[in-house]
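Chemist: One predicted model, sequence on top.
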Amino acid sequence: MVIYRWLRQTCIAGLVVIFPAAVTLAFFHFLLDRIDRSFSPLVTHGLIQLGMDLSPHYRLPGLGIIAILVLLLGAGILTRYYLGRKILQITEWLFRRIPLAGSVYGAMHQLVHAFGGADRRAFRQVVLVEYPRAGVHAIGFLSAQVTGAVAAALPVSGETCFVFIPTTPNPTSGFLIAVPREQVTELPLSVEEGIALVISGGIVAPARG
C-alpha cells in the first residue's frame, strides 16, 4: 500500500512537470510544421530557379523558426520608424474594418497589450475580490476606474473599479466585474506572477508574502 501511494504521488509529480512542457512543445511543433508546409514549396521553387539541384518536394529544415524570427524582426523594425508605424496603422485600420475579424483582432490586440505590459494603464495590480459569492475569493487583475455611463448606472456611491477575473488554465478568457474600491484587496504580486498562479491552477505559488 505504501509502495502504491509512493508510485502514485511520484507519477503525479512527474506529470505536473512533464505535461506543461509536452503541451508547449507539441504546440510549437504544430505551429512550426504548418509554417514549414506553407513556405517550403515557395522557397524550394525559388532555389530551383536559382539553379540548385533540388527535388520539388524538398523541405528546408528549420524554415518555420527562420520565418517566425524574420516576421518578428521585421515587425519590430517597422515599429521603430515613422513610415513603418504608418504602414502598421493602416494595416490595423484595414483589419478592424473586416466584419467579425475586426472584432476578434481588436479584442486580441487589447488583450496582448494588457498582458504584455505595453499599456501601463491595463492590469496594474493583482488583487483579491469576493467572487462569485460572499465568502469565496477569486484572483483578479485591477483594470481601471469605472467612469461614464457605467458608473452612473451602478447603485453604489464612491469609487468603483473594473476587475478582470481570469479562468484557469487559460487567462485570456474570464469575467469583467465592477467592484467598490474598498472591497478590493491588493496582493504583493507582479502581473507575471499572478498570471503564472492562474495558469498553474495554484500550483506555481509565489514564495514571498
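Modeler: Right, received. Where do you want to start?
Chemist: any low-confidence regions in this structure?
Modeler: Within the chain, the stretches with pLDDT under 70 are 1, 13, 16-17, 20, 84, 101-122, 206-209.
Chemist: Now residue 189: closest residue in space, sequence neighbours ignored.
Modeler: residue 126 (4.3 Å; CB to CB, 6 or more residues apart in numbering). For every residue, glycine as well, the C-beta is placed using N, CA and C.
Chemist: How is that neighbour assigned, secondary-structure-wise?
Modeler: The assignment at residue 126 comes out as strand when based on DSSP: H, G, I helix; E, B strand; the rest coil.
Chemist: That one is in contact with residue 192, isn't it?
Modeler: No - Residue 126 is not in contact with residue 192 according to CB atoms under 8 Å; the separation is 9.5 Å.
Chemist: Of the two, which one has the most company?
Modeler: Between residue 126 and residue 192, residue 126 has the larger neighbour count (other CB atoms under 10 Å), namely 22 against 12.
Chemist: dump the residue contacts of that one.
Modeler: Contacts for residue 126 (CB atoms under 8 Å, 6 or more residues apart in numbering) come out as 139-142, 186-187, 189-191, 193-194.
Chemist: What separation do you get for residue 180 and residue 99?
Modeler: To residue 99, residue 180 is 38 Å away according to CB to CB, to the nearest Å.
Chemist: Give me the more crowded residue out of those two.
Modeler: Using other CB under 10 Å, the more surrounded residue of residue 180 and residue 99 is residue 180, with 15 against 6.
Chemist: so that one makes contact with residue 156?
Modeler: Yes - counting by CB under 8 Å, residue 156 is a contact partner of residue 180 at 5.7 Å.
Chemist: which residue ranges form the strands in the protein?
Modeler: In the chain, the strands defined using DSSP state E lie at 125-130, 137-145, 160-166, 174-180, 185-186.
Chemist: so of the ones you listed, which one's packed in deepest?
Modeler: strand 160-166 (a mean of 20; mean count of other CB atoms under 10 Å).
Chemist: Could you count how many residues lie near residue 191?
Modeler: Around residue 191 there are 18 residues (other CB under 10 Å).
Chemist: oh sorry, the question was meant for residue 133
Modeler: Neighbour tally, residue 133, other CB under 10 Å: 6.
Chemist: could you check the distance from it over to residue 186?
Modeler: Using CB to CB, residue 133 is found at 21 Å from residue 186.
Chemist: same deal with residue 34?
Modeler: Note on residue 34: its distance to residue 186, by CB to CB, is 42 Å.
Chemist: what's the answer for residue 82, then?
Modeler: 39 Å.
Chemist: again with residue 70
Modeler: Between residue 70 and residue 186 the computed distance is 42 Å (CB to CB).
Chemist: Looking at the contacts of residue 126, which is nearest residue 163?
Modeler: residue 140 (4.2 Å; CB to CB).
Chemist: Could I get the contacting residues of the closest residue to that closest one other than its chain neighbours?
Modeler: Using CB to CB, 6+ apart and skipping residues adjacent in sequence, the residue nearest residue 140 is residue 163, 4.2 Å away. Listed by CB under 8 Å, 6+ apart, the contact partners of residue 163 are 127, 129, 140-143, 176-179, 184.
Chemist: Alright, that wraps it up for me.
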